[in-house]
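1. Structure of the sequence below:
(2 chains)
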Amino acid sequence: MAKPTPEINAGSMADIAFLLLIFFLVTTSMDVDKGIQRLLPPMPDENQKVEAEQINKRNIMVVLINRSDRLFAGGQPMETYMLKDKVKEFITNPANLPNLPEKREKDIEGFGPYMVSRAVVSLQNDRGTSYEAYIQVQNELMKAFNEVRDEFAMQHWGKEYAALDETQRKIAREAIPQNISEQEPREVTKTRR
Amino acid sequence: MAKFKTKRDKGLKPISTASLPDVVFMLLFFFMVSVSFRQTERVVMVKVPEATEIAKMERKDLASYINIGTPIQAYQAQYGTDARIQLNDSFSTVEDIRDFVAAARESMSEADRPFMTVNLKVDESVRMGIVTDVKQELRRCSALKIMYSTRKKVENTSF
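-> Coordinates of the predicted model:
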């Protein structure tokens, strides 16, 4: 007659499972990819003749970062924290000054005519610029455009840009186009030899 | 008084904990399945800069990563301390990006290809020269959607 097999005590099973669980909890990296999203301009076709789009001088704002991370924007040296307000003033041109970008009426689908600014921010950096400074400036530029869009959204729908639905966002994007152009790289800081 | 108490206590059975392991195992399996281990080994040190205007990447499977930074300690004797590009598992040059992008595109489904994003994880101390070269090469490969990987900046609200 076979002996009845003794029952295995499963009481500690939970402990083992907990241990494994905690191991996985600790080792899991739940980091989400976060960052500044940008769209690069397509490479011009070599066969195609490059027709340099003539941009009026008043419509362009040059932002330079030299190799010692100094910032020069709109014709004067400045600090990074000053850049946002400067760019905001430049793209909105609230007083319609003749030395700031012109606006052109554009019929936006589903919204009607709106005076769209023709501002272009041209970002230039040196090969020796540090990546951190570059990202700081990119961030300030994005912040300026985002705030202007927020203001636009607030004015017309009483909501922030992030709270808008897709069609409204599209209108806001068209009304305030994000024209940040990055120049072909070159040596910004002239070296004397 | 005591009489009543003992009578009531007798009726209460201890809660069975026999199903506790099952519950915990279920959680365990959930985590085991959802975990994605870091597939590539970092060979460069990257500390991404801070920014405030950040967007989240909705779909991780659309991203391919380019790391740029100083080689880790173990490789510094061999490769020096200058910033290098890391693609997949190894040190690479700007010329390798073309193949890298092509391979990344190939592994995606037809419908997802236009949404491919190149995630640039660049150390904050790197000079822009190498980043510019990478960007130019990406333009040539027409991988135009890029993302500068950043950390969330803790806003200073004290004033």
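2. Where does pLDDT dip in the chain?
-> Unless you meant another one, I'm taking chain A. Chain A contains residues with pLDDT under 70 at A:1, A:29-31, A:45-54, A:184-193.
3. my bad, chain B
-> B:1-10, B:36-39, B:155-159.
4. which residues of it fall in helices?
-> Counting by DSSP state H, chain B has helices at residues B:2-11, B:20-34, B:73-79, B:96-106, B:128-140.
5. Restricting to C-alpha, output the lengthiest strand in chain B in CSV.
-> Selection of the longest strand in chain B by residue count, based on DSSP state E, yields strand B:63-71. The C-alpha trace of strand B:63-71 is given here as CSV (Å, rounded to 0.1, in the frame of the first residue of the first chain):
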residue,chain,number,x,y,z
ALA,B,63,11.9,55.1,-33.1
SER,B,64,15.5,54.3,-33.9
TYR,B,65,18.2,55.7,-31.8
ILE,B,66,21.5,57.4,-32.5
ASN,B,67,23.6,58.0,-29.4
ILE,B,68,26.4,60.5,-29.5
GLY,B,69,28.8,61.0,-26.6
THR,B,70,32.1,60.2,-25.0
PRO,B,71,33.1,56.5,-25.0
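6. what about it, distance to the chain center?
-> Centre-to-centre, strand B:63-71 and its host chain are 11 Å apart (CA atoms, centre = their mean, to the nearest Å).
7. hmm, that strand touching chain A?
-> Yes - residues of strand B:63-71 are located near chain A by CB under 8 Å from any CB of the partner chain, namely residue B:63. Bear in mind the C-beta positions are built from the backbone N, C-alpha and C, glycine included.
8. How far does the helix or strand containing residue A:173 sit from its chain's centre?
-> Following DSSP states H and E, one finds residue A:173 within helix A:166-175. Put simply, helix A:166-175 sits 16 Å off its chain's centre (CA atoms, centre = their mean).
9. Check which helices and strands that helix sits against.
-> strand A:103-108, strand A:112-117, helix A:131-157 (3 or more CB pairs under 8 Å, 6 or more residues apart in numbering or on different chains; DSSP states H and E).
10. which of these is buried the deepest?
-> Among those, ranked by average contacts under mean count of other CB atoms under 10 Å in any protein chain shown, first place goes to helix A:131-157 (a mean of 20).
11. Which strands or helices does that helix pack on?
-> Secondary-structure packing of helix A:131-157 (3+ CB pairs under 8 Å, 6+ apart): strand A:34-39, strand A:60-65, helix A:80-92, strand A:120-125, helix A:166-175, strand B:50-51, helix B:128-140.
12. give me that answer again for 7 Å
-> Other helices and strands packing on helix A:131-157, by 3 or more CB pairs under 7 Å, 6 or more residues apart in numbering or on different chains; DSSP states H and E, are strand A:34-39, strand A:60-65, helix A:80-92, strand A:120-125, helix A:166-175, helix B:128-140.
13. Using JSON lines, lay out those together with mean neighbour count and distance to residue B:65.
-> Output for those, formatted as JSON lines (neighbours: other CB atoms under 10 Å in any protein chain shown; distance: least, CB to CB, whole Å):
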{"stretch": "strand A:34-39", "mean neighbour count": "18", "distance to residue B:65": "11"}
{"stretch": "strand A:60-65", "mean neighbour count": "20", "distance to residue B:65": "25"}
{"stretch": "helix A:80-92", "mean neighbour count": "18", "distance to residue B:65": "27"}
{"stretch": "strand A:120-125", "mean neighbour count": "20", "distance to residue B:65": "23"}
{"stretch": "helix A:166-175", "mean neighbour count": "16", "distance to residue B:65": "28"}
{"stretch": "helix B:128-140", "mean neighbour count": "19", "distance to residue B:65": "12"}
